[in-house]
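Student: Build me a model:
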Amino acid sequence: MPTPSLAAPLLLRHFVAGDFRPATTLDWLPDVNPSDREDVLAHVPVGTPADALQAVAGASEALRGWRNLPGPARAEHLYRWAAGLQARAEELAQLMVREVGKPIVEARGEVARGGVILRYYAGEAVRTNGEVVPPQAAGALQFTLREPLGAVALITPWNFPVAIPLWKAAPALAFGNTVVLKPSEHAPLTALMLAESARDAGLPSGVFNVLLGTGPGVGEALISAPEVRAVSFTGSAGVGARVAALGAARNIRYQTEMGGKNVAIVLPDADLRLAARLTAAGAMRYAGQKCTATSRVVVARDIETAFLRHLRSEVEALPLGPVTDPAAAVGPLINAGARERILAALEAASGERLCGGELPAGPAYARGNWIAPAVVRGVQPDDALAQDELFGPVLAVLTAADLEEAISVANRTRYGLSASLFTKDIGAALNDIRYIEAGLVRINGDTTGVDPHAPFGGMKGSSSGTREQGSAAREFYTEIKTVQVNAG
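Tutor: Numbering: from 1, shown residues only. Sure, this is the predicted structure:
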């Protein structure tokens, strides 16, 4: 795959059965650098149902050979892919910086995490694949096997264009499935570089395919293809609901991770400097464009003034671009529409703007989708700023009298992905975290991120109920077959 050029944007192609294939469409979308809207990296095919069926056919043809490989052989393929990814780590990180506006230090960290994910699931491919079950019949042998589902569809967002595709694809492949990845139209080049690195590492043709396009153009056709036996989706709540409906209609397995309105709770005995530093980082790094980003903080009223003094200082100290600078923490928003949406939400907010929300001045920011991180105090639990996922560098500050009220305020949302609790009373924290309605809870840590070997997913409107990563991935990407052997 050629390196994108400022002079001649690429016309991108799908990656099917080990090769780049032209799209069957005349409609294209620009892949634009969020830091500089005049920098068009490539043109992305909108995609058609015919493209989707071609990609599924590639995955289906490769399925028998891949699932019949012993687990150790599949593991070796994943180990080689991890090594190949690491060999191109800086190239991939620099591409992410330009394609999705991720600060370079975070981009490098994400590539490294991709290697960790691949190596972890390479190890999972050789773990126990069933159990012996005592039979009722004397002399019989009864046991279970975990079988792959078949060809699976993965629909992923732009904000983690390496980590999210890999934490879906790696377990699917480790357990014997084949994959069609439909990345966001805002991150196609990164997905194609993943495909290229997989091919270069010797992954068999058709095992890992990349289908470019939009949800209406190819996403629905992909889920509806008869050979697709499961779909794993990360994205917005509205699209996730549509994915779930399509999956349920076909009676195939589906999982949807649909974002959050994540909360940090700060109690009077907390280390306020630590809480402010981690809350600011969780809310504002990468311009808050993480599904686990902190978008609300509930503070004990007795310490609100002191905490906000520290918080404002920490937020204003976070370096705002350029994203190629290793010191950068806050990048641009993914596109101009996202920035306009954030500005409109801030304009409509009823609370007091503590800091931020303005457009930064200077030539470095003139052509990008930049906005200064904003903190708004005096937000009420039912305000739009406390309820709607903005996916930007905006933090709503709410207050509560005590921990019980703070948890009640924290739970007053349709989402339930991630939460933090800042306190020095670890015993009380361990007792009370059971009442926080979130799939991930951290004590004295920020809301973002999760270890690749730990189950990840949300409660309520954040998830369809299944979990990704860790041992939970085996539950999703395999099905149980019970076998009984009797004497002939």
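Student: tell me the secondary structure for the most centrally placed residue in the chain?
Tutor: The residue lying closest to the centre of the chain (Cα atoms, centre = their mean) is Ile164, at 4.6 Å. Counting by DSSP: H, G, I helix; E, B strand; the rest coil, the backbone at Ile164 sits in helix.
Student: Tell me the spacing between it and Ala198.
Tutor: According to Cβ to Cβ, to the nearest Å, Ile164 and Ala198 sit 16 Å apart. C-betas here are computed from N, CA, C, even on glycine.
Student: Same question for Ala244.
Tutor: In this structure, Ala244 and Ala198 are 28 Å apart, going by Cβ to Cβ.
Student: From the neighbour counts alone, determine which of those two ranks first.
Tutor: Set Ala244 next to Ala198 and count neighbours by other Cβ atoms under 10 Å: Ala198 wins out with 27 against 17.
Student: ok, the more buried one - contacts?
Tutor: Counting by Cβ atoms under 8 Å, 6 or more residues apart in numbering, Ala198 touches Trp81, Gly84, Val207, Phe208.
Student: Mind listing what's buried along the host helix or strand of it?
Tutor: Following DSSP states H and E, one finds Ala198 within helix 188-200. Residues of helix 188-200 classed as buried: Pro188, Leu189, Thr190, Ala191, Leu192, Met193, Leu194, Ala195, Glu196, Ser197, Ala198, Arg199 (neighbour count, 16 or more other Cβ atoms under 10 Å).
Student: do stretch 248-268 as well
Tutor: By neighbour count with 16+ other Cβ under 10 Å, stretch 248-268 contains the buried residues 250, 252-268.
Student: same deal with stretch 28-37?
Tutor: Residues of stretch 28-37 classed as buried: Leu29, Asp31, Val32, Asn33, Pro34, Ser35, Asp36, Arg37 (neighbour count, 16+ other Cβ under 10 Å).
Student: ok, now stretch 68-80?
Tutor: Judged by neighbour count using 16+ other Cβ under 10 Å, the buried positions of stretch 68-80 are Leu69, Gly71, Arg74, Ala75, Glu76, His77, Leu78, Tyr79, Arg80.
Student: closest to Leu421 among those residues?
Tutor: Ranked by distance to Leu421 (Cβ to Cβ), the buried residues of stretch 68-80 are led by Leu78 at 36.0 Å.
Student: Wait, a strand at that closest one?
Tutor: No - using three-state DSSP, the assignment for Leu78 is helix, not a strand.
Student: Can you tell me the closest non-neighbouring residue to it?
Tutor: Using Cβ to Cβ, 6 or more residues apart in numbering and skipping the chain neighbours, the partner closest in space to Leu78 is Ala122 (3.8 Å).
Student: what about that neighbour, helix or strand, and which?
Tutor: Per DSSP H and E: helix 104-124 holds Ala122.
Student: Check Arg442 too.
Tutor: strand 440-443.
Student: average pLDDT across that strand?
Tutor: Taken as a whole, strand 440-443 has a mean pLDDT of 96.
Student: And it, what does it pack against?
Tutor: Secondary-structure packing of strand 440-443 (3 or more Cβ pairs under 8 Å, 6 or more residues apart in numbering; DSSP states H and E): strand 418-422, helix 426-432.
Student: Could you list the residues in contact with the first one?
Tutor: For strand 418-422, the surrounding residues in contact (Cβ under 8 Å, 6+ apart) are 260, 262-267, 270-271, 274-275, 278-279, 282, 292, 294, 410, 429, 432-433, 436, 438-448, 458.
Student: do stretch 217-226 as well
Tutor: Contacts of stretch 217-226 (Cβ under 8 Å, 6+ apart): 25, 27, 46-49, 51-53, 55-56, 153, 155, 180, 182, 211-213, 228, 231, 242-243, 246-247, 250, 252.
Student: at 7 Å instead, please
Tutor: Residues from elsewhere that reach stretch 217-226, judged by Cβ atoms under 7 Å, 6 or more residues apart in numbering: 46-49, 51-53, 56, 153, 155, 180, 182, 211, 228, 231, 243, 246-247, 250.
Student: Which positions within that stretch qualify as buried?
Tutor: Within stretch 217-226, the residues that count as buried by 16+ other Cβ under 10 Å are Gly217, Val218, Gly219, Glu220, Ala221, Leu222, Ile223, Ser224, Ala225.
Student: could I get that stretch in CSV with only the CA atoms?
Tutor: Extracted in CSV, the C-alpha atoms of stretch 217-226 (Å, rounded to 0.1, in the frame of the first residue of the first chain):
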residue,chain,number,x,y,z
GLY,A,217,-23.5,1.3,2.1
VAL,A,218,-21.9,-1.9,3.2
GLY,A,219,-22.4,-2.4,7.0
GLU,A,220,-26.0,-3.6,6.8
ALA,A,221,-25.2,-5.8,3.8
LEU,A,222,-22.4,-7.3,5.7
ILE,A,223,-24.5,-8.2,8.7
SER,A,224,-27.2,-9.5,6.5
ALA,A,225,-25.0,-11.9,4.5
PRO,A,226,-26.1,-15.5,5.1
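Student: any idea of the mean pLDDT in the lengthiest strand in the chain?
Tutor: The strand that spans the most residues within the chain, counting by DSSP state E, is strand 36-45. Summarised as a single mean, pLDDT over strand 36-45 is 95.
Student: I'd like the average pLDDT over whichever helix or strand comes after that strand.
Tutor: Going down the chain from strand 36-45, the next helix or strand is helix 49-67, by DSSP H and E. Averaged across helix 49-67, pLDDT comes to 97.
Student: what comes into contact with helix 49-67?
Tutor: The contact list for helix 49-67, computed with Cβ under 7 Å, 6+ apart, reads 14, 16-17, 23-24, 148, 150-151, 176, 178-180, 204-207, 209, 211, 213, 218, 221-222, 225, 227-228.
Student: likewise stretch 450-464?
Tutor: 113, 116-117, 120, 167, 237, 244, 254-260, 414-417, 437-440, 466-470, 472.
Student: Would you list the buried entries among these?
Tutor: 113, 116-117, 120, 167, 244, 254-260, 415-417, 437-440, 466-470, 472.
Student: ok so, going back, any idea how far the residue nearest to Leu78 lies from Phe175?
Tutor: Ala122 is 12 Å from Phe175, by Cβ to Cβ.
Student: swap in Gly427?
Tutor: Separation of Gly427 from Phe175 (Cβ to Cβ): 40 Å.
Student: Would you mind telling me which of these two has more residues around it?
Tutor: Using other Cβ under 10 Å as the criterion, Gly427 and Phe175 rank with Phe175 on top: 25 against 8.
Student: Let me know whether that one touches Arg474 as I believe.
Tutor: Yes - with contact defined as Cβ atoms under 7 Å, Phe175 reaches Arg474; the gap is 6.3 Å.
Student: Now do the same contact list for Ala14.
Tutor: Actually, residue 14 is His rather than Ala. By Cβ under 7 Å, 6+ apart, the contact list for His14 reads Arg21, Ala23, Asp51, Ala55, Val210, Leu211, Leu212.
Student: Of these, which belong to helices?
Tutor: Asp51, Ala55 (DSSP state H).
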